[in-house]
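Asks: attaching a predicted model along with its sequence, questions to come.
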Amino acid sequence: MANVLLAFPNLTDAATLAGGGWQAPVTNLQDRRLARVARTTDSTPGNTQFTVDFGKDRKLQVVSLVSHNMSTQGQWRVLMGDDPTFATTKYDSGWMVAWPVIHPFGALEWEDDNWWEAAISEDDRAGYPGILIDLLPAIVLARYLKVMFSDANNAAGYLQFGRLFVSPGWQPATNMSYGATIGWETDTAVKRSLGGTTYFDRKAPRRVEKFSLDLLSDAEAKTQVFEMQRKLGVDGELLVAWDPGDAMNLIRQSFVGRMRALNPITAVLRNINNNAFEIEETS
């Protein structure tokens, strides 16, 4: 299991986004409200792409698009560099599948329409909190970013995305302690009539991760955790990847969210500190 990854701050909002063809503007990717989507005019390659200019070289390691409608056949690609034409690049992800394998061998029945690919089914895709996520093995220093999509046969006739998240990332030297939890929470209201019939006001569930980093060095505690709390508070965005090395469960266990509380750092022993995290998914 790879150590938990925490990515912050989101560099998107201070950048300039351009390119592609959009009926709902690409700048909506800079709005934290996921319902305020950016939507392409159609699903042709020329219109399903955009570039990001950060104004100067930035530390880039995580690129993610949240709440997308890409089909199970869709692909995407990330380029980074200092050349706005991308004739030369510092990073090229190559074409990546929008929906990777999420089922282990033998978990599906022969009759399932996604038996061969073991990816998400078309039926499940519509209600799934889709996330595109590219976790680079190391930080790339670059000014420009380009994201391209290939999903010409998307049944909607367009592509849409709720939020762009681009940032450096941090993994503690020692992973979260045993007892960490990940689960779903919901604000669905449940009421029962006088006759005993149950009624529901359904709200979409959201993911919550709770874990503790119990072997933080002084440097990690002060320059990473302490500064992260100062910069983000309980309202700032961060992206959490529970296990970046688990490709099959990466989209299940990764999301953009916020810290519910700013828990104090505790000095346990000399150069050993701990801190508890509780991160709630943005919805």
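Replies: Done, it's in. Numbers count the residues shown, from 1 in each chain.
Asks: mind jotting down where the strands sit in the stretch 101-250 of the chain?
Replies: Ranges of strands within the stretch 101-250 of the chain are 131-150, 160-161, 163-167, 169-170, 181-185, 189-192, 198-201, 206-216, 238-241, based on DSSP state E, counting those that start in this stretch.
Asks: adding mean pLDDT, distance to residue 95 and mean neighbour count, write those strands out as CSV.
Replies: All C-beta atoms are positioned from the backbone trio N, CA, C, and that covers glycine. Formatted as CSV, the strands of the stretch 101-250 of the chain follow (pLDDT from 0 to 100; distance: least, C-beta to C-beta, whole Å; neighbours: other C-beta atoms under 10 Å):
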stretch, mean pLDDT, distance to residue 95, mean neighbour count
strand 131-150, 96, 7, 19
strand 160-161, 96, 17, 22
strand 163-167, 98, 19, 25
strand 169-170, 96, 22, 19
strand 181-185, 95, 29, 11
strand 189-192, 93, 43, 9
strand 198-201, 92, 41, 9
strand 206-216, 97, 28, 20
strand 238-241, 98, 21, 24
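Asks: state the pLDDT value of the residue positioned nearest the centre of the chain.
Replies: Centroid check for the chain by C-alpha atoms, centre = their mean gives residue 255 as the closest residue, at 4.3 Å. Here, the pLDDT recorded for residue 255 equals 96.
Asks: check which helix or strand covers it.
Replies: Per DSSP states H and E: residue 255 is located in strand 254-259.
Asks: and the gap between the residue nearest to the centre of the chain and residue 210?
Replies: 14 Å (C-beta to C-beta, to the nearest Å).
Asks: try residue 152
Replies: For residue 152, the distance to residue 210 (C-beta to C-beta) stands at 41 Å.
Asks: now do residue 148
Replies: For residue 148, the distance to residue 210 equals 36 Å [C-beta to C-beta].
Asks: next: residue 58.
Replies: For residue 58, the distance to residue 210 - C-beta to C-beta - is 31 Å.
Asks: next: residue 204.
Replies: According to C-beta to C-beta, residue 204 stands 20 Å off from residue 210.
Asks: how about residue 91?
Replies: Shown here: residue 91 relative to residue 210, a distance of 33 Å by C-beta to C-beta.
Asks: which stretches of this structure aren't confidently modelled?
Replies: 101-127 (pLDDT under 70).
Asks: break the protein down into its structural domains.
Replies: According to automatic domain parsing, the chain comprises the domains 5-170, 181-281.
Asks: so which of those domains is the most packed in?
Replies: Most buried of the domains of the chain, by mean neighbour count (mean count of other C-beta atoms under 10 Å): domain 5-170, with a mean of 17.
Asks: tell me the SS of residue 27?
Replies: The three-state label given to residue 27 by DSSP: H, G, I helix; E, B strand; the rest coil is helix.
Asks: quick one: it from residue 156, how far?
Replies: Counting by C-beta to C-beta, the gap from residue 27 to residue 156 is 21 Å.
Asks: same deal with residue 37?
Replies: Taken as C-beta to C-beta, the span from residue 37 to residue 156 is 12 Å.
Asks: before we move on, what about residue 230?
Replies: 42 Å.
Asks: tell me the bridge partners for residue 259.
Replies: The partner list for residue 259 in beta bridges (DSSP bridges) reads residue 279.
Asks: need the helices for this structure, in chain order.
Replies: 122-125, 218-220, 227-232 (DSSP state H).
Asks: got CSV for the strands of the stretch 101-250 of the chain, with distance to residue 14 too?
Replies: Below are these laid out as CSV (distance: least, C-beta to C-beta, whole Å):
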stretch, distance to residue 14
strand 131-150, 13
strand 160-161, 19
strand 163-167, 11
strand 169-170, 18
strand 181-185, 31
strand 189-192, 39
strand 198-201, 38
strand 206-216, 27
strand 238-241, 16
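Asks: quick one: closest of the ones you listed to residue 267.
Replies: Closest approach to residue 267 among those (C-beta to C-beta): strand 206-216, 9.8 Å.
Asks: what sits up against the strand holding residue 255?
Replies: Contacts to strand 254-259, defined as C-beta atoms under 8 Å, 6 or more residues apart in numbering, come from residues 10, 64, 66, 129, 131, 133, 163, 165, 207, 209, 229, 232-242, 277-282.
Asks: quick one, that strand and strand 131-150 angle?
Replies: Strand 254-259 runs at 130 degrees relative to strand 131-150, counting by axes from the mean of the first three to the mean of the last three C-alpha atoms, to 10 degrees.
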